[in-house]
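Asker: Build the 3D model from these lines:
(one chain, ligands or ions: 2)
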Amino acid sequence: MGGVEAAEALNVILHRIRDIEMAIEFCKEHDDNDLWNALINEFSNHPEIVTKVLDGIVDYFSPAVIVGKIKMGQNIPNLRQSLIKMLWHYNLQGEILSSAQQIQLNDYFEIHSEIVTTQRRGQQVSNEQMCSLCHRPVLMVGTHFNCITSFECGHVYHKPCIQGKLQKNCKECNLWNLTVEK
Ligand SMILES: [Zn+2]
Ligand SMILES: [Zn+2]
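Answerer: Ligands and ions are numbered 1, 2, ... in the order given. Presented below is the predicted three-dimensional model:
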């Protein structure tokens, strides 16, 4: 249903069927600002719908906009209860968000400590392993290749092979990352 059609449908619900709950549900279904504004504009003629709309729009539309539409001196039945209910809802939402944040923070520290533990773990290098750059055995007796650089990923390099290249990252894993990104 397009914008004009939806606006007409809302008009029918408001003025012929005269069912405010149905109108609120209709606005939620389409979640369109123009429709919400059309509904709110009904306030000037029908102050009794303000509280129904306030109760219905939580999580969909900013209550501040609705409250802003109430005219000075306008008498709104049950406005006080409705506002209290709404504030409780936001209060509850605030508590849920703050608990969720605490859980996330705990998770973060737990994962971070796992990473640090993993990174501090010793690396074994056997003489069957190959240098990922020159593809010769990483441990060779009596040559200048015997100094090696080892990364957490398990890849090892002869120091002379990796020298001059960036030693911050494993060359082999960088290549692999590039292949995956393509
Ligand atoms: Zn090498
Ligand atoms: Zn690697």
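
Asker: Contact distance from ligand 2 - what residues of the protein qualify?
Answerer: Cys153, His155, Cys170, Glu172, Cys173 (C-beta under 5 Å from the ion). Any C-beta I mention is one placed from the backbone N, CA and C, and that applies to glycine too.

Asker: wait, what's in contact with Arg80?
Answerer: Contacts for Arg80 (C-beta atoms under 8 Å, 6 or more residues apart in numbering) come out as none.

Asker: For the helix or strand hosting Ala23, output the C-alpha coordinates as PDB.
Answerer: Take DSSP states H and E as the rule and Ala23 turns out to sit in helix 20-30. Taking Å, rounded to 0.1, in the frame of the first residue of the first chain, the C-alpha atoms of helix 20-30 are listed here in PDB:
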ATOM      1  CA  ILE A  20      -8.500   4.500  17.400                       C
ATOM      2  CA  GLU A  21      -6.900   1.200  18.400                       C
ATOM      3  CA  MET A  22      -7.200   0.000  14.800                       C
ATOM      4  CA  ALA A  23      -5.700   3.300  13.700                       C
ATOM      5  CA  ILE A  24      -2.700   2.800  16.000                       C
ATOM      6  CA  GLU A  25      -2.200  -0.700  14.800                       C
ATOM      7  CA  PHE A  26      -2.400   0.500  11.200                       C
ATOM      8  CA  CYS A  27       0.300   3.100  11.900                       C
ATOM      9  CA  LYS A  28       2.500   0.500  13.600                       C
ATOM     10  CA  GLU A  29       2.200  -1.800  10.700                       C
ATOM     11  CA  HIS A  30       3.300   0.900   8.200                       C
END
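
Asker: in that helix, what's buried?
Answerer: Neighbour counts over helix 20-30 (16 or more other C-beta atoms under 10 Å) mark Ile20, Ala23, Ile24, Phe26, Cys27, His30 as buried.

Asker: what would those residues look like in JSON lines with pLDDT and distance to ligand 1?
Answerer: As requested, the buried residues of helix 20-30 are exported to JSON lines (pLDDT from 0 to 100; distance: C-beta to the ion, whole Å):
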{"residue": "Ile20", "pLDDT": "88", "distance to ligand 1": "77"}
{"residue": "Ala23", "pLDDT": "91", "distance to ligand 1": "74"}
{"residue": "Ile24", "pLDDT": "89", "distance to ligand 1": "71"}
{"residue": "Phe26", "pLDDT": "92", "distance to ligand 1": "70"}
{"residue": "Cys27", "pLDDT": "90", "distance to ligand 1": "68"}
{"residue": "His30", "pLDDT": "90", "distance to ligand 1": "65"}
